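Visitor: Provide a 3D model corresponding to the input given below.
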Amino acid sequence: MKKFCLPREIYYGNDAISCLSDLKGKKATICTGGSSMKKYGFLQEVIDLLHKAKFDVDIIDQIEPDPSVETVERGAEKMLKFKPDLIVAIGGGSAIDGAKAMWIKYEYPEITFEEMCKVFGLPKLRNKARFVAIPSTSGTATEVTAFSVITDNKKGIKYPLADYEITPDIAVLDSRLTLTMPRHLVAHTGMDAFTHAVECFVSTASSPFTDPLALQAIKMIMDNIFDSYHGEEVARENMHYAQCLAGMAFSNGLLGIVHSLAHKTGAIFADLGGHIIHGVANAMYLPRVIEYNAKDEYARARYLLICKYLGLGGEDNNQKIQSLVNLVVGLTRDLQIAPCISKCGVNGEIVEEGFVSEQEFLSRVDAIAENALLDACTLSNPRKPTKQDLVEILKCCYYGTSVKI
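Guide: Numbering: from 1, shown residues only. The predicted structure follows:
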C-alpha cells in the first residue's frame, strides 16, 4: 500500500501569515534562524498575530544553517520548560528543519538521534503540539515535506530525517518574505527546487500523484528563475509556489543520488574553512547524475519526458538527453554557481581554485561514497549504484568531466 501525504492546510499569497491570528491554543514557541526575520519585521508580525490569538509566546532563535544535533537538543530542552501546544517555524529551510527535529525531541525527550534517523520509523507526534511552517526561502520546501536534514558535526555528515509524522500541519507561503532573499540565495535555493522536481520525476517511487506536481514545478522554475534572480517580485512569488509544488512531489515520490551525494559532502570539508552549500552541490551534481542514470531504461524514458515537456530538441534521444544536461549546466553558469567542486568557493561562487584541494578530495572520496550509498535517497534512485560508481561520479563532479560509466 502506498501513501500520499500533505499538510492539512496551505495558506499562500501576500499577507498569508495573517492566518496565525485565527489559530487556537495557549502557548506558542517560535523557532527562527539568524536576524533576517527580525530585521525585516516578520518575526514581530508573527509575535503580534499570536498574541492577538491569545497565545503566550516563547522564542528559540539562532538556528544555524545546517542545524546541528546540539542545536536541536538545546531547543528541545527549552520547549520542555515552556510546554507549547503550537510550534511556529519561520525562516529558511534550516530553521524549519531544526524546529522539526526539536519537535520530535520535545514530544519524546528520551529518543536518541540515531532513533530519529530511522527512515519512516518515528512514533506518533502531535501529542503535545501542532506545527506551522513559514518559509522565507524558495528551495527546500520543508514546509510541506516529511523530511528534515540535521548535521552531526562530530562525523561531518548530514542526516535526513524522514517520516510523514514531521509533515507540518499548516504551511504558510507569504510571498512578501521572499523579497528578503539576496541574489545568491535565490540561485542556490532555485537549483535545489529544480533538482527536487527532476529527481522526483525519475525516482522509482514517483506516481501519478507526484508526476503533475514535479512537471509543473520544473516548468514554473524554468519560466521564473532568472527574473527571480534579478529581483522581479512576481517571479519571486511564482518561484515560492514552484518550490512548494516540487516539495509536495518529492515528499511523496522521494529523490535520488544527487541528494545522497549532496548530504554527504555538505559538511565533510568543514575543517577546510567552508562547506559545500546544499543548493550548490545539487547544481554541480545534477548534470553528472543525469548522465549516469540515463544508462537505465526507465530513467532515460523519464528524462525524455522532461525534455518533451520543456521542448528540448535533438536529432536522437542521446542528443535530447544531452540537451537536458546542457540546460542544467547553463542554468548553473548563468546563476553564477560553481560548475564543479574544484572551482567552488566557500560561498558556492566560481573561483579558479576551490577551497577543496585535489589531495583533500581524493583522500575523502571513498568515505563520501560509502556514506552516500547508505543514504535514504539512494534507495529510490532509478539506477542502483555501487560504491565505485559513486566514487567515479564524485570524481566527475570534482573535475567537471562527463560520466562515462
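Visitor: who are the neighbours in contact with the residue sitting furthest away from the middle of the chain?
Guide: Distance to the chain centre peaks in the chain at E315, reaching 34.9 Å (criterion: Cα atoms, centre = their mean). Residues near E315 by Cβ atoms under 8 Å, 6 or more residues apart in numbering: none. (Each C-beta comes from the backbone N, C-alpha and C, glycine too.)
Visitor: in three-state terms, label it for me.
Guide: At E315 the chain is in coil, as set by DSSP: H, G, I helix; E, B strand; the rest coil.
Visitor: try A171
Guide: Strictly by three-state DSSP, A171 counts as strand.
Visitor: surely it and Y241 touch.
Guide: No. Between A171 and Y241 there is no contact under Cβ atoms under 8 Å: 11.2 Å.
Visitor: picking up where we left off before, now do the same for the residue farthest from the centre of the chain: its pLDDT.
Guide: On the pLDDT scale, E315 is placed at 92.
Visitor: how about the one 5 residues further on?
Guide: According to the per-residue confidence, K320 scores 98 in pLDDT.
Visitor: tell me which element it is part of?
Guide: Taking DSSP states H and E as the criterion, K320 maps to helix 317-334.
Visitor: rewinding a little: of A171 and Y241, which one has the most company?
Guide: When A171 and Y241 are compared for neighbours, A171 comes out ahead with 28 against 19, by other Cβ atoms under 10 Å.
Visitor: could you find the closest non-adjacent residue to that one?
Guide: Counting by Cβ to Cβ, 6 or more residues apart in numbering, A171 lies nearest to E143, which is 4.0 Å off, once chain neighbours are set aside.
Visitor: looks to me like that neighbour is in a helix.
Guide: No. The assignment for E143, made by three-state DSSP, is coil rather than a helix.
Visitor: who's in contact with I321?
Guide: 290-291, 294, 300, 303-304, 307, 314.
Visitor: please read the previous query as pertaining to K54.
Guide: K26.
Visitor: now it: how far from D48?
Guide: Using Cβ to Cβ, to the nearest Å, K54 is found at 12 Å from D48.
Visitor: also I337?
Guide: Distance from I337 to D48, by Cβ to Cβ: 38 Å.
Visitor: looking at those two, which has the bigger crowd around it?
Guide: I337 (24 against 14).
Visitor: the more buried one is in contact with H188, isn't it?
Guide: Yes. I337 is within contact range of H188, at 7.1 Å (criterion: Cβ under 8 Å).
Visitor: spit out the residues that contact the two alike.
Guide: 279-280, 283, 348.
Visitor: contacts only, for the spatially most central residue of the chain.
Guide: Closest residue to the average C-alpha location of the chain: T140 at 3.1 Å, with Cα atoms, centre = their mean. T140 makes contacts with 92-93, 96-97, 189, 192, 243, 247, as judged by Cβ under 8 Å, 6+ apart.
Visitor: of those residues, which is the nearest to D271?
Guide: D97 (22.9 Å; Cβ to Cβ).
Visitor: and that closest one, what's its pLDDT?
Guide: At D97, pLDDT is 97.
Visitor: for the host helix or strand of it, packing partners?
Guide: Using DSSP H and E, D97 falls within helix 93-107. Helices and strands touching helix 93-107, by 3 or more Cβ pairs under 8 Å, 6 or more residues apart in numbering; DSSP states H and E, are strand 27-31, helix 69-82, strand 86-91, helix 113-116, strand 130-135, strand 147-152, strand 157-162.
Visitor: which elements pack onto the shortest one?
Guide: Translated: helix 113-116. helix 93-107, strand 147-152.
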